[in-house]
Structure formats: structure tokens, C-alpha cells
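K.L.:
got a predicted model here, sequence first, then my questions.
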Amino acid sequence: MGTSWSAQIVAPPPGCAAAIEAVLARIIDQMSNWEPTSAISRFNRAPVGEWMPLPPDMITVLRAGLDMARLSNGAFDPAIGRLVDSWGFGPGLQGQPGYAVPAPWTRIEVDRNHARRLADVTLDFSGIAKGFAVDAVAQALRELGVVHFLVEIGGELRGDGIKPDIQPWWVDVEAPPGLAIPTLRVALSDCAIATSGDYRRFRMQDGARLSHSIDPATGAPIAQGVASVTVLHDSAMLADAWATAITILGPDRGMALATRNGLAARLVLRRDTGPMEYMTPALAAMLE
């Protein structure tokens, strides 16, 4: 996944590290666009119109991604692999010509544990797979009998139970570099948190910062401005996807969508006059 993982576990039974590594290896084998033999890479190379059986984890993530696409009116799109490649953020060729398919997610069809492409679009789960991996690791730990733990993968976290000092798993949300904003400290107790930011993956072109967050509506990286979006949710996978969708939609449409769906979310906007913080009512109530 191009990132690191960590786990804090109270009274870990033998085999925890091996169980975590097995989960991550399974997910990479299914959903890494950087592995040519992964299930997602093979699906993206399959002939258009041909049904392909997919492993259970990948089907779960694909269905969740398509649901999120419907909820966000396409702001989150699990089938923008061609766009990701064309802007230099994927394993494919930069500047790849020929991408002109609107609403790529509508060109993916799922039937039970099979899926197919209805046009030459490709899947990319970079906005949802890390969150799913957090949930999968958490489930593996529970199956080993672990009750109290904090799992982190690339900045997406889930905390269950409490620490040995009977405190919850307190987490400080990373502030975007160079922006003076209040520290957001949350207690993760049977809860997950995900943050999408323009300072993690970007590249400079002609003096401009190009975000890795691609807007499917324009086919280009989002305009400079949204520095970070943080979402709390029961599911790390959905927190990850929602953070991506809100980032794409921006402070007005994105936070309105988050509020309508009762999400606990915060958005930090870069402005010439200084940062502006937006917070949904659900998050404000949690912090009272």
C-alpha cells in the first residue's frame, strides 16, 4: 500500500504480528494496483464485458465503493484508475490519452461474487482500501481474543476497548503542515477515524501543487484549497471513503453532504488569510 502499519495491543496472545501480516498480504494480493498479479490488476486487464469471479474482500470493497459513488453522486468513484494514472499517481503511464468516459463507476457491474467492466475503465481502491485493511486487521485481532487495541495503517485508525490505565485510545488528528489550527483530539472507543489531506500525496507542476485527489467530474486534481478532511465512523472503510468524497466536493457541498448523512467530520480549508475550519453538528456534539 506504500505506507506503514502499527498496532498497540493490550495483553497480546501469540501470533498477533503474523495474523496482521497475513491479513495485509491477502489484501495487497487482491487490491494493489502496483502488483501486476493482484486480483484488481487482472480485473483491469480483463476484456470489456467479460465476467470475472472476485475474492470476498475485493467484492466487499467494490460494493462499498459503488454504494459510496451513488451516495456522493460520483464524487467518490472506485473506477477512476485511468485518471489516476494519467495524472501520475498510479502505476500506469502518465499522460495516458483517451480517457473520456463520464461517471466511470456506472461502467462496473456486479452480480453476486462476479464483476465486469462495461467500458475501458479501471478500478482504483486507493480511497477506501486502507480503511478496509484497518477493519480487517481489527477483526483478525478479535478472532484471536484481543479486546483492547489500536490499529493504524497510513493514518487511518481504529480503537477498541481501553488502554491498561483505563483511558480510551486518545488520538490527535495530524494538522496540515504550516497551518495553525486547534488540535482535534478524539477518543477512539469502538470507533474509527480517517483523514484525507493534500499534504500526503501530491506533486508539483509548474509551481502548482497537484493533489492526488482526482475529481471525476472534471477529470483533474481538485483545486487547491482543501487541506484535510477527517471523518469518524463505526467503519474505517467508510470513514476512508467518506473523507475522500468530502475532499472532492469541498467545504460547501462536501460538508452539506456529511451533515445530511449525520457524519462526524471536519474540513480544513487553506486560504490566503489563514486556515478556516468547518465542523459538522455531529462532530461538534461529540466534542462538547
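P.N.:
Sure, I can see it.
K.L.:
shaky segments in the protein?
P.N.:
92-100, 198-212 (pLDDT under 70).
K.L.:
for it, which helix is longest?
P.N.:
Secondary structure of the chain per DSSP state H: the longest helix is helix 236-260.
K.L.:
helix or strand right after it?
P.N.:
strand 264-269 (DSSP states H and E).
K.L.:
can you give the strand pairings for that following strand, parallel or anti for each?
P.N.:
If you go by DSSP bridges, strand 264-269 pairs up with strand 226-233 (antiparallel), strand 276-279 (antiparallel).
K.L.:
buried ones in the shortest one?
P.N.:
Think strand 276-279. Within strand 276-279, the residues that qualify as buried are 278-279, counting by 16 or more other C-beta atoms under 10 Å. Where you see a C-beta, it was placed from the backbone N, CA and C, and this is true even at glycine.
K.L.:
show me the contact partners of whichever helix or strand comes after that strand.
P.N.:
Downstream of strand 276-279, the first helix or strand assigned by DSSP H and E is helix 281-287. Applying C-beta atoms under 8 Å, 6 or more residues apart in numbering, the contact partners of helix 281-287 are 186, 232, 259, 262-266.
K.L.:
I'd like the strands paired with strand 264-269 as JSON lines, with distance to Gly145 appended.
P.N.:
Listed next are the strands paired with strand 264-269 as JSON lines, based on distance: least, C-beta to C-beta, whole Å:
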{"stretch": "strand 226-233", "distance to Gly145": "25"}
{"stretch": "strand 276-279", "distance to Gly145": "37"}
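K.L.:
relative to Asp57, how far out is the closest residue to Thr37 other than its chain neighbours?
P.N.:
Nearest non-adjacent residue to Thr37, counting by C-beta to C-beta, 6 or more residues apart in numbering: Asp29, 7.9 Å away. According to C-beta to C-beta, to the nearest Å, Asp29 and Asp57 sit 9 Å apart.
K.L.:
out of those two, which sits in the more crowded spot?
P.N.:
Per other C-beta atoms under 10 Å, whichever of Asp29 and Asp57 has more neighbours is Asp57, with 19 against 16.
K.L.:
can you show me the helices along the stretch 51-200 of the chain?
P.N.:
56-71, 81-86, 129-143 (DSSP state H, counting those that start in this stretch).
K.L.:
next, format the contacts of helix 281-287 as CSV and append distance to Ala17 and neighbour count.
P.N.:
Formatted as CSV, the contacts of helix 281-287 follow (distance: C-beta to C-beta, whole Å; neighbours: other C-beta atoms under 10 Å):
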residue, distance to Ala17, neighbour count
Val186, 27, 22
Leu232, 27, 25
Thr259, 40, 16
Gly262, 37, 10
Leu263, 33, 21
Ala264, 32, 23
Ala265, 33, 25
Arg266, 33, 26
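K.L.:
of all those residues, which two lie farthest apart?
P.N.:
Spatial extent of the contacts of helix 281-287 (C-beta to C-beta) is set by the pair Val186 and Thr259 at 18.3 Å.
K.L.:
burial of Ser6, as a residue count?
P.N.:
Neighbours of Ser6 using other C-beta under 10 Å come to 10.
K.L.:
hang on, it in a strand?
P.N.:
Yes. Read with DSSP: H, G, I helix; E, B strand; the rest coil, Ser6 is one of the residues of a strand.
K.L.:
wait, what's in contact with the residue lying closest to it once chain neighbours are set aside?
P.N.:
Leaving aside its chain neighbours, Ser6 sits nearest to Glu152 (4.9 Å; criterion: C-beta to C-beta, 6+ apart). Listed by C-beta under 8 Å, 6+ apart, the contact partners of Glu152 are 5-7, 134.
K.L.:
need the three-state assignment for the residue nearest to Thr37.
P.N.:
helix.
K.L.:
what are the bridge partners for the residue nearest to Ser6, then?
P.N.:
Ser6, Leu157.
K.L.:
from Ser86, how far out is it?
P.N.:
On the measure of C-beta to C-beta, Glu152 and Ser86 end up 31 Å apart.
K.L.:
likewise Ala115?
P.N.:
Distance of Ala115 to Ser86, computed by C-beta to C-beta: 23 Å.
K.L.:
now swap in Met237 and tell me
P.N.:
26 Å.
K.L.:
more neighbours: which of the two?
P.N.:
Met237 (27 against 21).
K.L.:
if we can go back for a sec, top of the contacts of Glu152 by neighbour count?
P.N.:
Val134 (27 neighbours).
K.L.:
how many neighbouring residues does the nearest residue to it once chain neighbours are set aside have?
P.N.:
Leaving aside its chain neighbours, Val134 sits nearest to Ala236 (3.8 Å; criterion: C-beta to C-beta, 6+ apart). Ala236 is flanked by 30 other residues according to other C-beta under 10 Å.
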